[in-house]
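Student: This is a predicted model, with the sequence first.
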Amino acid sequence: MAVVFVALGSNLDNPKEHIERAIAELRADRRLHFIAASNLYSSKAVGPGHQPDYCNAVVNLSTELKPESLLDLLQAVENQHRRVRVQRWGARTLDLDLLLFEHITLHSKRLCIPHPRMHERAFVLIPLADITGVDFYIGDKSVNQLLEKCVDRGTVQRLAV
């Protein structure tokens, strides 16, 4: 079983509900073993134009699926939430990003592991730290070291349960 981390984000049509439903759907999938979920966070949108704030979280799972098969599963969940890909980094009902897959490094047309921009996004690193702690290493840097360099750190706020 490979240990994986997946980031969840939503900023359309009741984002908190989309995140909570997606976590429940991942938890219920027989191909996945649910380990943990972070708290929910609010963050300012990164992308074109004026967009609503995001709701973000990270989940820790294990699976026997290969990385591309897990990506297919994640995209199917996005599609169930009416995800439309119109504009890169545009507003969306649900975005599921595969952050880490065991200790695999993969660069294909469809998938890059580790996620290529996770190290510069506090809205990913803060929820990841909920699960792993700040001393968790991604490559040669701890989550804490990566967070210190994130310019968006102050825009990420924990949501009340």
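Tutor: Sure, I can see it.
Student: Please report the distance of residue 121 from residue 146.
Tutor: 9 Å (Cβ to Cβ, to the nearest Å). Heads up, the C-betas are built off the backbone N, CA and C, glycines and all.
Student: quick one: which helix or strand includes the most centrally placed residue in the chain?
Tutor: Nearest to the mean C-alpha position of the chain, by Cα atoms, centre = their mean, lies residue 7 at 0.8 Å. Per DSSP states H and E, residue 7 falls inside strand 2-10.
Student: Same question for residue 56.
Tutor: Per DSSP H and E, residue 56 falls inside strand 54-63.
Student: Buried residues in whichever helix or strand comes after that strand, which are they?
Tutor: Along the chain past strand 54-63, the next helix or strand (assigned with DSSP H and E) turns out to be helix 67-80. Neighbour counts using 16 or more other Cβ atoms under 10 Å place 67, 70, 71, 73, 74, 77, 78 of helix 67-80 among the buried residues.
Student: In contact with the last one, which residues?
Tutor: Put plainly, it is residue 78. When contacts are counted by Cβ atoms under 8 Å, 6 or more residues apart in numbering, residue 78 touches 93, 94, 95, 96.
Student: Let's see if you can find the most crowded of those residues.
Tutor: Neighbour counts for the contacts of residue 78 (other Cβ atoms under 10 Å) peak at residue 94, which has 25 neighbours.
Student: Residue 8 is in contact with that residue, correct?
Tutor: Yes: contact criterion Cβ atoms under 8 Å: residue 94 and residue 8 qualify, at 7.2 Å.
Student: low-confidence ranges in the chain?
Tutor: Scanning the chain for pLDDT under 70 picks out 47-49, 83-90.
Student: Tell me where this protein has helices.
Tutor: With DSSP state H as the criterion, the chain has helices at 15-28, 67-80, 122-132, 143-148.
Student: Identify whichever of these lies nearest to residue 157.
Tutor: helix 122-132 (9.5 Å; Cβ to Cβ).
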